[in-house]
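Enquirer: below: sequence and its predicted model.
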Amino acid sequence: MQELFDLTGRVAAVIGGGGVLAGEMALGLARAGADVAILDFNEAAAEKKAAEVAALGRRGLAVRVDASKKADLEAALDRMLETFGRVDILINAAGINSGTPFFEISEEEWQRILDVDLKSVFLACQVFGAWMTQPGRGGSIINISSASSGPPLSKVFTYSVAKAGVNQITQFLAREWAQKGVRVNAIIPGFFPAEQNRKLLTEERVADIMRHTPMGRFGDPHELVGAVLFLASEKASSFVTGALIRVDGGFSAMTI
Ligand SMILES: NC(=O)c1ccc[n+]([C@@H]2O[C@H](COP(=O)([O-])OP(=O)(O)OC[C@H]3O[C@@H](n4cnc5c(N)ncnc54)[C@H](O)[C@@H]3O)[C@@H](O)[C@H]2O)c1
């Protein structure tokens, strides 16, 4: 059973790994045996998480990237190849959000959210995918989507548009790369208190979320790790690609 989820000798890139959810995913990968590079805009958070990976006895690496810039991602891949010689797992989890009412959303805000939440996934799949799809390599890409990818949540308009696009990228590339040994899947988390949604979680919205979540609570970041290890492990999910896996306490199954 342990062998099914053993990632010893594997190398993961976790984009947004300085954050609440992807930070926990990074530690989960390390506990399963993987070496982990934390790629994040927030350099201090990336370094802290890479040190936690190292404390678990794995190799950790922190790289500051703006994930919406292709040159940053190319430089990060180069650093990973110099350090580890390979990359087997990519998690795309950089994210920002905003609750600006529709008519007040500026072009700049629209563009910035699409750049960080959607363009970053496109670019990282181009950069890391180009390496993984070469003969004899392969890999597992895990995109972090959202319950807002459809039907959309109230308030978070641009974010919802971006996450719908993340689902499209996931299934497009799953089909495209299925014969090249690269599996592409997404996780759709429900609600987990984190940095990017802190301001959005007003008392009223929390009450709405709880009414709509059959389990009646927020998720805890460690509850995403099982899905991550399943998708990351070639043995556990060898026939799984293009899947959108919900980890949401039943949120998506709820009507009235
Ligand atoms: N928290 C939730 O309830 C929830 C639900 C569904 C999906 N998600 C998604 O999970 C992912 C992780 O978010 P989180 O909730 O842990 O929030 P978080 O704010 O704790 O983490 C986001 C991370 O992304 C990094 N980041 C922001 N812009 C970046 C950029 N341009 N380049 C590189 N890194 C950048 C931040 O520095 C931060 O470390 C996001 O994609 C988010 O949309 C979160």
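Expert: All right, it came through fine.

Enquirer: mind listing residues that contact stretch 215-233?
Expert: 4-7, 10, 12, 20-21, 23-25, 27-29, 32, 34, 89, 91, 140, 142, 183, 185, 187, 189-194, 209-210, 236-237, 240, 243, 245, 247-250 (Cβ atoms under 8 Å, 6 or more residues apart in numbering). Yep, even glycine has a C-beta here, placed from its N, CA and C like the rest.

Enquirer: 7 Å instead?
Expert: 4-5, 7, 12, 20-21, 24-25, 28-29, 32, 89, 140, 142, 185, 187, 189-193, 210, 236-237, 240, 245, 247, 249-250 (Cβ atoms under 7 Å, 6 or more residues apart in numbering).

Enquirer: residues from the stretch 1-150 of the chain in reach of the ligand?
Expert: 16, 18-22, 40-42, 45, 65-68, 93-96, 116, 144, 146 (Cβ under 6 Å from any ligand atom).

Enquirer: touching the stretch of helix or strand residue 75 belongs to from outside, list them.
Expert: Using DSSP states H and E, residue 75 sits in helix 70-84. Helix 70-84 is contacted by residues 11, 13, 35, 37, 39, 59, 61, 63, 65-67, 87, 123-124, 127-128, 131 when judged by Cβ under 7 Å, 6+ apart.

Enquirer: those in strands, which ones?
Expert: Using DSSP state E, 11, 13, 35, 37, 39, 61, 63 are the members of the contacts of helix 70-84 that sit in strands.

Enquirer: quick one: the strands in the stretch 101-250 of the chain?
Expert: 139-144, 182-189, 244-247 (DSSP state E, counting those that start in this stretch).

Enquirer: could you dump these to CSV with mean pLDDT and distance to residue 171?
Expert: Putting the strands of the stretch 101-250 of the chain into CSV (pLDDT from 0 to 100; distance: least, Cβ to Cβ, whole Å) gives the following:
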stretch, mean pLDDT, distance to residue 171
strand 139-144, 99, 10
strand 182-189, 99, 8
strand 244-247, 98, 8
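
Enquirer: tabulate those in CSV, adding columns for distance to residue 101 and mean neighbour count.
Expert: Output for the strands of the stretch 101-250 of the chain, formatted as CSV (distance: least, Cβ to Cβ, whole Å; neighbours: other Cβ atoms under 10 Å):
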stretch, distance to residue 101, mean neighbour count
strand 139-144, 26, 26
strand 182-189, 25, 25
strand 244-247, 28, 18
